[in-house]
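Novice: Could you look at this predicted model? Sequence included:
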Number of protein chains: 2
Amino acid sequence: MELSSETEIKILEAATTIFLEKGKDGARMEEIAKEAEINQALLHYYFRSKDRLYKEVFNREVKNVLLDLFTSLDLQKNMHDFFESFISQYMDRLFQHPKTAGFILWEIRQGGETAAELLQDLFTPASTASPRTVVEKIKKAVEDKEIRTLDPHHLMMSVIGMCVFTFVARPMISVIFPEIDFSDSSFIDRRKTEIFNLIWNGIKP
Amino acid sequence: MELSSETEIKILEAATTIFLEKGKDGARMEEIAKEAEINQALLHYYFRSKDRLYKEVFNREVKNVLLDLFTSLDLQKNMHDFFESFISQYMDRLFQHPKTAGFILWEIRQGGETAAELLQDLFTPASTASPRTVVEKIKKAVEDKEIRTLDPHHLMMSVIGMCVFTFVARPMISVIFPEIDFSDSSFIDRRKTEIFNLIWNGIKP
DNA sequence: GTCTATAATAAGATAGAC
DNA sequence: GTCTATCTTATTATAGAC
């Protein structure tokens, strides 16, 4: 969707803030209007309904955190460098959008068919890089004995799980381990290193 | 909270079903009443408000998936056996309550102070076993050179992340990799093995 | 395009009979 | 304890002036 006017952009930014914070069900149109410093009628003038506004926000966030990551991967790298770079890029992106992963996971669970379709539209078979491309790369690395024998799907899930969990579980971890400071940039560097070391030691031949 | 009557139990089961499925904001009192095969007035008669009913459900679920797990761990085991058993028990529990982890993570993020207090009440310092106890055990294993040098907090997050992500991301993974069959019990056994192998190879000295 | 005022509906909660 | 009917408030959406 193309953004024409200044107001449209303001609305979308406000809607993103509120939807990411509260989810679709928890978000209120009035709150979005207030955040955008306009009135509620204008929301409907530009986006017709809460549902349409939400879908626009959801699509953009999926693109931000899921799609663009995979299309920026360098599949030519060897496994060591590939994972090092993947983890670093993914963690950076999650750090820049700390609420998006939790939002997407929750909303996909709620969204049923609609959300599923949106996802499928984004990861078309035509994409040069996608989760499936990475699985294929891992499979080949196993065949070439570049890494030990393992199940590519499961490795993929594990790597992404470690990265994503850091942010999805952040509010909970903060309660259980108050000594962890997520906002400290050295924390995120440490997390990258720890994840990569665990992975690489875990998969090297 | 003690459950006295038959009706109270029926309500709580229905409320659990609906809250786990839709979250606090998405759940409707009318739907809970219908699920429990009673009328809406009875919900209020037993639990006074949506908020109180929700808190009761939330507390019980946290206890199911978080608290009871840690109190059933055997801290005497060596690292190899400890992680093998931890992963197996945790995955079994998540498999039995596939929606609970996602529910708790999302609701804690929304709940602010209230949810935080509930968590803190459950993990009192007096508990014999808790996430912190496990971190201490890992720390000691590093000092004893039972496993390689690593950050105990991060290892803890990584292990739990790999287990939890399996279920939290299930709806999304199903879209991207339709060939994965989560309901197949052999899948969960495979997932246990793959996670444990990755961890153990990743941390052994 | 933008606003105020208001309609229309959804949802939590309660009154009062049985 | 349990029900039906209803109140009250919250929330999405629209009408109509400017």
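Specialist: Noted; the coordinates are in hand. No experiment lies behind these values; they were computed from the predicted model shown.

Novice: What are the buried residues along the longest helix along chain A?
Specialist: Ranked by residue count under DSSP state H, the longest helix found in chain A is helix A:100-122. Residues of helix A:100-122 classed as buried by neighbour count (16 or more other C-beta atoms under 10 Å in any protein chain shown): A:100-111, A:115-116, A:118-119. For glycine as for every other residue, the C-beta is placed from the backbone atoms N, C-alpha and C.

Novice: Pull the contacting residues for the most centrally placed residue in chain A.
Specialist: Centroid-nearest residue in chain A: A:Val65, 3.4 Å away (criterion: C-alpha atoms, centre = their mean). By C-beta atoms under 8 Å, 6 or more residues apart in numbering or on different chains, the residues touching A:Val65 are A:Arg93, A:Leu94, A:His97, A:Thr100, A:Ala101, A:Ile104.

Novice: Show me what the longest helix of chain A is packed up against.
Specialist: With contacts taken as 3 or more C-beta pairs under 8 Å, 6 or more residues apart in numbering or on different chains; DSSP states H and E, helix A:100-122 sits against helix A:6-26, helix A:50-62, helix A:152-168, helix B:6-26, helix B:100-122, helix B:170-176.

Novice: touching DNA strand C at all, it?
Specialist: No: with C-beta under 7 Å from any atom of the strand as the criterion, DNA strand C is not reached by helix A:100-122; the gap is at least 13.6 Å.

Novice: Mean confidence (pLDDT) on that helix, please.
Specialist: Helix A:100-122 shows a mean pLDDT of 89.

Novice: same deal with stretch A:175-185?
Specialist: 92.

Novice: before we move on, what about stretch A:74-86?
Specialist: Mean predicted lDDT for stretch A:74-86 stands at 97.

Novice: Not counting that stretch itself, show me its contacts.
Specialist: A:73, A:129, A:133-134, A:137-138, A:141, A:146-147, A:159, A:196, A:199-200, A:203-204.

Novice: Please say whether there is contact between the least confident helix or strand in chain A by mean pLDDT and chain B.
Specialist: Counting by mean pLDDT, DSSP states H and E, chain A has its least confident helix or strand at helix A:68-71, which shows a mean of 86. No: using C-beta under 8 Å from any C-beta of the partner chain, helix A:68-71 never reaches chain B; the gap is at least 10.4 Å.

Novice: Helix or strand next in line after that helix, which one?
Specialist: As assigned by DSSP states H and E, the chain's next helix or strand after helix A:68-71 is helix A:79-96.

Novice: What residues of that following helix count as buried?
Specialist: Quick answer for helix A:79-96 (16+ other C-beta under 10 Å): A:79, A:82-84, A:86-91, A:93-95.

Novice: Going by secondary structure, the residue sitting furthest away from the middle of chain A is in what exactly?
Specialist: The outermost residue of chain A relative to its centre, with distances by C-alpha atoms, centre = their mean, is A:Ala41 at 31.4 Å. Assessed by DSSP H and E, A:Ala41 sits inside helix A:40-47.

Novice: Does anything pack onto that helix? Which helices or strands?
Specialist: Going by 3+ C-beta pairs under 8 Å, 6+ apart, helix A:40-47 lies up against helix A:6-26, helix A:29-35, helix A:50-62.

Novice: Now that helix - C-alpha only, CSV.
Specialist: Extracted in CSV, the C-alpha atoms of helix A:40-47 (Å, rounded to 0.1, in the frame of the first residue of the first chain):
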residue,chain,number,x,y,z
GLN,A,40,-11.4,9.2,15.6
ALA,A,41,-13.4,10.0,12.4
LEU,A,42,-10.3,10.6,10.5
LEU,A,43,-9.1,7.0,11.2
HIS,A,44,-12.2,5.7,9.4
TYR,A,45,-11.9,8.2,6.6
TYR,A,46,-8.4,6.9,5.8
PHE,A,47,-8.7,3.2,6.7
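
Novice: orientation of that helix relative to helix A:6-26 in degrees?
Specialist: Per axes from the mean of the first three to the mean of the last three C-alpha atoms, to 10 degrees, the angle that helix A:40-47 makes with helix A:6-26 is 100 degrees.

Novice: Let me know whether helix A:40-47 sits next to DNA strand C.
Specialist: Yes: legend: contact between helix A:40-47 and DNA strand C by C-beta under 7 Å from any atom of the strand is shown at A:Gln40, A:Ala41, A:Leu42, A:Tyr45.
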